[in-house]
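A.B. asks: Sharing a model that was predicted from the sequence below.
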Amino acid sequence: MVEIAEGVNVSVEGHTVTVKGPNGEVTKDFSKRAKIDVEGNEVKVKAKNALAGTIDSIIGNMIKGVSEGYSRKLKLLYAHFPISVEVKGKDVLIKNFIGEKEPRKTTLVGNTKLEVKGQEVTVSGPDKEAVGQTVANLKSAMKIKKKDGRIFQDGIYDAGE
């Protein structure tokens, strides 16, 4: 059982749950093994296995995301070649990484937004999974192969805030 926050609307159609709030909308499709109902200001999940707790957590994260939002702060670190990050639609271009002429590319997942201020990168959005996957895509795109990782430490790292 998950309590619905004020200003948040939850609707269920079949096995698809849509949560709308001030920060946006998140839609997820759940398996056919669970029954999801909205009763008053609560979402109730009924399942025969441990799946109910997982679905409760995911719906709770959806409600928190559309009411408060999720954000991850990252930092670009480089030794010699200044890295620049540019967003074009859903594509993210990482330019001048370890002096490469061709930009590395990755994508934004879902309704995620990416904001760059100098060396600070902020990834934010209403969907926790989409924000996490976008951060993973950025880190994966900036992996250095065939070079010693103790020497070439350029990349993107968590800001620790």
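C.D. replies: Received it, and whenever you're ready, just let me know what you need. Numbers count the residues shown, from 1 in each chain.
A.B. asks: ok, longest helix in this protein?
C.D. replies: When the chain is parsed with DSSP state H, its longest helix is helix 51-67.
A.B. asks: Please enumerate residues in contact with it?
C.D. replies: 1-2, 4-5, 7-8, 10, 17, 19-26, 28, 30-31, 33-34, 36, 43, 45-47, 70, 125-129 (Cβ atoms under 8 Å, 6 or more residues apart in numbering). Quick note: C-beta positions are derived from backbone N, CA and C, even for glycine.
A.B. asks: Quick one: distance of stretch 13-22 to the chain centre.
C.D. replies: Chain-centre distance of stretch 13-22: 18 Å, with Cα atoms, centre = their mean, to the nearest Å.
A.B. asks: For that stretch, measure first residue to last.
C.D. replies: By Cα to Cα, to the nearest Å, the extent of stretch 13-22 from end to end equals 21 Å.
A.B. asks: quick one: average pLDDT of that stretch?
C.D. replies: Summarised as a single mean, pLDDT over stretch 13-22 is 93.
A.B. asks: circling back: buried stuff in the longest helix of the chain?
C.D. replies: Within helix 51-67, the residues that count as buried by 16 or more other Cβ atoms under 10 Å are 52, 55-56, 58-67.
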